[in-house]
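Undergrad: Provided below are the primary sequence and the corresponding predicted coordinates.
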Amino acid sequence: MQRLYDFIRRHPTGVDSFWAVLLLGVTVPWVAFETGGFQKVLAGVCTVGLCLVVALRRRAPVKMLLLTAAIGVCQLIFGIDTNPGDAAMFVITYTVASGPAIPRWASRCALAGAVFGPALSFWRFSGSAEGRRVGESLFVTVLLTVPFVLAWVLGDSMRTRRAYWAQLEERAARLEKEREAQSRIAVAAERARIARELHDVVAHNVSVMVVQADGAAYVLDSAPEQTRQALETISGTGRQALAEMRRLLGVLRTGEQPESGEYVPQPGVEQLTDLIEQVRGAGLPVDFRTVGEPRELPSSVALTVYRIVQEALTNTRKHGGPHVGATVRLAYRDDDLDLLVEDDGRGAQRELYEEGGADGLGHGLIGMRERVGMVGGTLAAGPRPGGGFRVSAVLPLKPAR
């Protein structure tokens with residue numbers, strides 16, 4: 001049965017042609033026995049035209065409506081009595097009213113024909129009005145009009161339902177596209193987050209290891225104790241980098257933060273002391289100060305503070321030049337947290353903070369801005385008036401209203 005339904009949907013004109021041939025077979029004998037002379041020929045032509053209307057109603061509905069109207073006028077003018085072929089008028093009325101792409105004027109014309117056509121036919125072929133009461137005539141007229149009007153109402157209801165389902169399908173398709181777009185945006189955001197984490201881990205720890213390795217090579221023969229301390233710093237920094245890399249890889253594999261102790265937690269404000277001690281051990285003097293009463297911070301803000309300090313101090317070692325010193329100040333306010341990292345070195349190249357990095361190494365500042373923007377804060381980075389470089393961030397501690 002399903003195959004039959006699929007065949008009917010795929011061949012609508014063939015199905016309509018079948019019904020047209022069936023209607024022609026029923027109407028021809030009727031016309032042959034009921035009419036005679038010229039009217040028989042004219043009735044046969046009208047019958048063929050009405051059967052053509054049934055066959056092509058879905059291929060050219062507006063043209064078939066006009067053809068039906070012309071046949072109806074011809075029947076009224078030449079007095080061709082009603083016959084089974086007039087059922088095509090029901091069919092074309094329904095078709096024009098139900099088609100979603102059919103102009104509305106055609107549907108209104110079909111409704112006008114459904115209202116006035118049966119009345120004109122009744123008054124044309126019912127004979128003399130003498131002996132008929134007005135009420136009886138009106139009743140018969142209404143009785144003939146109702147089926148045509150019902151055909152139009154059914155078609156218009158079908159058109160409305162089809163439009164409703166088409167709108168639902170369009171909305172579902174649009175929602176699916178929006179869902180796919182949101183998924184792509186989420187994937188891109190996750191990739192950017194992981195890229196920022198990898199940059200911060202690799203850039204900072206590898207920079208410390210390179211500085212320590214260069215220092216160890218310089219004093220290898222003259223100061224073995226300093227060489228040993230540098231190698232220990234390299235070893236500890238490498239382990240820390242491996243631990244953070246293992247944490248990121250664990251997130252990539254499982255899609256969630258592991259609960260076991262295999263991976264280290266996200267760093268925060270509590271780890272700033274260890275970070276600064278590590279930087280001091282690498283040969284960069286850092287003055288660390290805290291203003292205000294420290295309190296627990298949201299994890300996103302705490303991670304942002306740690307990564308900004310880490311990246312700023314890494315940039316100081318890379319671009320500050322010799323004999324540079326840095327200052328880290330953390331100020332707790334009522335509604336926000338002020339972070340200031342500055343140095344007295346020669347500063348970074350202008351394109352690194354104005355254009356985001358022209359040498360491929362300026363992604364740290366881009367990552368800072370992205371991190372601060374994600375928590376709703378503001379960031380300012382650039383050379384300070386007295387020389388050196390300054391990174392200032394204001395991070396809100398309360399959600400925006």
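TA: Thanks, I have it.

Undergrad: test my guess that Arg371 contacts Val309.
TA: No - at 11.6 Å, Arg371 does not count as touching Val309 under the criterion of CB atoms under 8 Å. Where C-beta positions appear, they are placed from N, C-alpha and C, glycine not excepted.

Undergrad: neighbour count: these two, which is higher?
TA: Val309 (27 against 24; other CB atoms under 10 Å).

Undergrad: can you read off the pLDDT for Gly373?
TA: We have a pLDDT of 85 for Gly373.

Undergrad: oops, could you answer that again for Tyr263 instead?
TA: Per-residue pLDDT puts Tyr263 at 45.

Undergrad: again with Leu168
TA: 92.

Undergrad: residues in contact with it?
TA: Leu168 makes no contacts at all, as judged by CB atoms under 8 Å, 6 or more residues apart in numbering.

Undergrad: element containing Trp339?
TA: Residue 339: Leu, not Trp. Per DSSP states H and E, Leu339 falls inside strand 336-343.

Undergrad: could I get the average pLDDT for that strand?
TA: Throughout strand 336-343, pLDDT has a mean value of 92.

Undergrad: what's the answer for stretch 59-77, then?
TA: On average, stretch 59-77 scores 91.

Undergrad: please apply the same query to stretch 274-290.
TA: 87.

Undergrad: quick one: end-to-end distance for that stretch.
TA: Start-to-end span of stretch 274-290 (CA to CA, to the nearest Å) is 15 Å.

Undergrad: please apply the same query to stretch 53-66.
TA: End-to-end distance of stretch 53-66 (CA to CA): 10 Å.

Undergrad: what does stretch 124-139 give?
TA: Stretch 124-139 end-to-end distance (CA to CA) = 16 Å.

Undergrad: ok so, going back, can you give the strand pairings for the strand holding Leu339, parallel or anti for each?
TA: Take DSSP bridges as the rule and strand 336-343 pairs in its sheet with strand 326-332 (antiparallel), strand 389-396 (antiparallel).

Undergrad: most tightly packed of these?
TA: Looking across those with neighbours counted as mean count of other CB atoms under 10 Å, the highest average goes to strand 389-396: a mean of 21.

Undergrad: what's the weakest-modelled helix or strand in this protein?
TA: helix 350-354 (a mean of 56; mean pLDDT, DSSP states H and E).

Undergrad: show me where this protein has helices.
TA: Here the chain has its helices, by DSSP state H, at 2-10, 12-34, 38-55, 61-78, 87-98, 104-125, 134-218, 224-254, 272-281, 299-319, 350-354, 363-374.

Undergrad: list the buried residues for the fourth one?
TA: Put plainly, it is helix 61-78. For helix 61-78, the neighbour count (16 or more other CB atoms under 10 Å) marks Pro61, Val62, Met64, Leu65, Leu67, Thr68, Ala69, Ile71, Gly72, Gln75 as buried.

Undergrad: which ones are touching the fifth one?
TA: Leu67 makes contacts with Gly49, Leu52, Val53, as judged by CB under 8 Å, 6+ apart.

Undergrad: possible to save those residues as TSV with pLDDT?
TA: Output for the contacts of Leu67, formatted as TSV (pLDDT from 0 to 100):
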residue	pLDDT
Gly49	93
Leu52	93
Val53	93
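
Undergrad: sketch out the low-pLDDT regions of the chain for me.
TA: Scanning the chain with the threshold set as pLDDT under 70 gives 34-36, 127-135, 199-201, 203-204, 247-265, 347-364, 399-401.

Undergrad: any idea which residue sits dead centre in it?
TA: Taking CA atoms, centre = their mean, the centroid of the chain lies closest to Glu178, which sits 1.4 Å from it.

Undergrad: tell me the spacing between that residue and Ile185.
TA: According to CB to CB, to the nearest Å, Glu178 and Ile185 sit 10 Å apart.

Undergrad: for Asp344, find the nearest of the strands paired with strand 336-343.
TA: Asp344 lies closest to strand 326-332 among those, at 8.0 Å (CB to CB).

Undergrad: between that closest one and helix 272-281, how many degrees?
TA: Calculated by axes from the mean of the first three to the mean of the last three CA atoms, to 10 degrees, strand 326-332 forms an angle of 170 degrees with helix 272-281.

Undergrad: what sits up against strand 326-332?
TA: Contacts of strand 326-332 (CB under 8 Å, 6+ apart): 269, 272, 276, 279, 284-295, 305, 309, 312-313, 316, 320, 337-343.

Undergrad: and with 6 Å instead?
TA: Outside of strand 326-332, the residues within contact range by CB atoms under 6 Å, 6 or more residues apart in numbering are 286-293, 309, 313, 316, 338-343.

Undergrad: and stretch 384-401, by the same measure?
TA: Under CB under 6 Å, 6+ apart, the answer for stretch 384-401 is 301, 308, 312, 335-345, 347-348, 372, 375-381, 383.

Undergrad: can you rerun that using 8 Å?
TA: The contact list for stretch 384-401 (CB under 8 Å, 6+ apart) reads 297-298, 301, 304-305, 308, 312, 315-316, 319-320, 324, 333, 335-348, 353, 368, 372, 375-383.

Undergrad: now list the buried members of these.
TA: 297, 301, 304-305, 308, 312, 315-316, 319-320, 324, 336-345, 347-348, 353, 368, 372, 375, 377, 379, 381.

Undergrad: what's stretch 114-128 in contact with?
TA: With contact meaning CB under 8 Å, 6+ apart, stretch 114-128 is reached by 72, 75-76, 79, 81-82, 89, 93, 132, 137, 140-141, 144-145, 148-149, 151-152.
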